[in-house]
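Colleague: structure for this input, please:
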Amino acid sequence: MTAVRPFSESPDGAGGVAELAAKVISDRAAGEAYVASVCFKHGPPRLLGVELEYTVHYAEDPSRPLDPRDLARALGAHAPRSLDPGSPGQPLPAGSPLTVEPGGQVEISPLPQARLADLAEAVSTDLAQLTELLARAGFALGETGIDAFRRPARVLDTPRYATMERRFRPRGPAGLTMMCSTAGLQICVDSGERSALAQRWAAVHVLGPPLLALFANSRWHAGRDTGTASARWLAVRETERARTFPTPLSDDPVTTWARRVMDTPLLLVRRPDGPWDVPEDVTFADWAAGRGVDGLPGPPTAADLDYHLTTLFPPVRAHGYLEVRYLDAQPAHRWLEPVALLSALLARPSTVDSVREICEPVADRWEEAARRGLADPALASAARRVVELGCAELGHTGLPPGRIGEIGESLQGLARTRGEKW
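Modeller: Prediction:
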């Protein structure tokens, strides 16, 4: 996307980037100004991206605990260094970096594209390669947003994930479940023109409950029926609400988001030696102001604030682009449907206005969407109307007519059958 590369990933001696990364964030105003500058890049919407997560299972016994050494051997030269420190970490053939989540979930992040057809081709190429690599080693990709067979267990031993587990465990099982058992489909869209940002920001938020309900598929977890449509979303929400609740809508999303980032408690602070744990309720604004920071390195820098941004997990995250995070992972052959639908719904300002009109009455029904899905009548009605609107706009995605017809038929069938099932 159009995001600034995270400073934490910048190579040593990167000139002006490294200098900016080292800039001290001395107070709230400096922090909010920095967040505003890096989290919203204005201009005509141009690029579309997607991040695809999947749980990984032994094909012959999907309930068997995952051995990270087996996964590393399966991925070979594409294994990330967090899984195999000696790996070259090569991208997949079409350029997608491959990462592994704490519980062994795999994620591919294709390079963003200006045309959805090009993004679809890149994903098809890299997903086929990943599937083949795993199949050769006796693995299969999961098809839902949560591990249907195994209890959560962390297989990656990194300072970040060890700190997160220590932080979340006293709060209950949700945090470890989120880290180790969930898989999402994340769609990334440009922020758009400054004049239209508030409308676009609002649209991707109010679409959340209807689309969450429409694509929810994570009812079964660890061998049991949870009785909910999206156990994945509920696990994320319950992890730590200060970092997972939806950002309140306003006419000034830049300011609202910047304040939210500064007021979110620190999850961890990177240190060259020793644990990354932090006091429980110290926010980034506190750290910048020097309040309650005994034992923390300081003062914080722009690089620290950039890293702090990666520890917020709301339904929509601004990170140089708008990262839509509320969808369950879909089966590998159906990932394009929600991406095409969202792309179509955001393609024109008039459609964005219609989206808000349809969805604002159910904009706060996150709980109902996750628990009841399309069994909730208001959500079912909104989802059907959104699908009708999106299907009428699919021609603006640039996909071939035949593909548009297939996607439209599938989406309409999904809206109908999911509602009947629940």
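Colleague: give me the below-cutoff pLDDT ranges for the protein.
Modeller: In the predicted model, the chain carries pLDDT under 70 at residues 1-20, 419-422.
Colleague: what separates the residue nearest to the spatial centre of it from residue 302, distance-wise?
Modeller: Nearest residue to the geometric centre of the chain (CA atoms, centre = their mean): residue 325, 3.8 Å. Residue 325 sits at a distance of 24 Å from residue 302 (criterion: CB to CB, to the nearest Å). Just so you know, the C-beta spots here come from the backbone N, C-alpha and C atoms, and that holds for glycine as well.
Colleague: what's the answer for residue 313, then?
Modeller: Relative to residue 302, residue 313 is positioned 21 Å away (CB to CB).
Colleague: higher neighbour count, those two?
Modeller: Comparing residue 313 with residue 302 by neighbour count (other CB atoms under 10 Å), the higher total belongs to residue 302, at 21 against 17.
Colleague: may I have stretch 403-414 exported as PDB, CA atoms only?
Modeller: Provided in PDB are the C-alpha atoms of stretch 403-414 (Å, rounded to 0.1, in the frame of the first residue of the first chain):
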ATOM      1  CA  ARG A 403     -15.500 -13.600 -13.000                       C
ATOM      2  CA  ILE A 404     -17.900 -10.800 -12.000                       C
ATOM      3  CA  GLY A 405     -20.800 -13.100 -12.700                       C
ATOM      4  CA  GLU A 406     -19.400 -15.900 -10.600                       C
ATOM      5  CA  ILE A 407     -18.600 -13.700  -7.700                       C
ATOM      6  CA  GLY A 408     -22.000 -12.000  -7.800                       C
ATOM      7  CA  GLU A 409     -23.800 -15.300  -7.900                       C
ATOM      8  CA  SER A 410     -21.700 -16.700  -5.000                       C
ATOM      9  CA  LEU A 411     -22.200 -13.600  -2.900                       C
ATOM     10  CA  GLN A 412     -26.000 -13.600  -3.400                       C
ATOM     11  CA  GLY A 413     -26.100 -17.300  -2.500                       C
ATOM     12  CA  LEU A 414     -24.000 -16.700   0.600                       C
END
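Colleague: which residues touch that stretch?
Modeller: 120, 214-215, 334, 336-337, 340-341, 387-388, 390-391, 394-395, 397, 399 (CB atoms under 8 Å, 6 or more residues apart in numbering).
Colleague: coming back round to it: three-state assignment of the residue nearest to the centre of the chain?
Modeller: strand (DSSP: H, G, I helix; E, B strand; the rest coil).
Colleague: spit out the contact partners of it.
Modeller: 184, 186, 313-317.
Colleague: one more time with 6 Å, if that's ok
Modeller: Contact analysis of residue 325 by CB atoms under 6 Å, 6 or more residues apart in numbering lists 186, 315.
Colleague: gap between it and residue 370?
Modeller: Per CB to CB, residue 325 is found 13 Å from residue 370.
Colleague: residue 183 now?
Modeller: With distances taken as CB to CB, residue 183 is found 15 Å from residue 370.
Colleague: please confirm that residue 374 is located within a helix.
Modeller: Yes - per three-state DSSP, residue 374 lies within a helix segment.
Colleague: wait, doesn't it sit right on residue 212?
Modeller: No - checked against CB atoms under 6 Å, the pair residue 374 and residue 212 is beyond contact range at 10.2 Å.
Colleague: and the gap between residue 162 and residue 80?
Modeller: From residue 162 to residue 80 the distance is 17 Å (CB to CB).
Colleague: repeat that for residue 347.
Modeller: Residue 347 is 34 Å from residue 80, by CB to CB.
Colleague: before we move on, what about residue 243?
Modeller: Using CB to CB, we find residue 243 at a distance of 24 Å from residue 80.
Colleague: could you do residue 329 as well?
Modeller: To residue 80, residue 329 is 19 Å away according to CB to CB.
Colleague: neighbour-wise, which of the two wins?
Modeller: residue 329 (28 against 18).
Colleague: give me phi/psi at residue 217?
Modeller: Backbone torsions for residue 217, taken as degrees, to the nearest 10, come to phi -150, psi 10.
Colleague: what is the neighbour count of it?
Modeller: Neighbourhood size, residue 217 [other CB under 10 Å]: 22.
Colleague: that one reaches residue 327, doesn't it?
Modeller: No - in this structure, residue 217 is not within contact of residue 327 by CB under 6 Å, at 9.7 Å.
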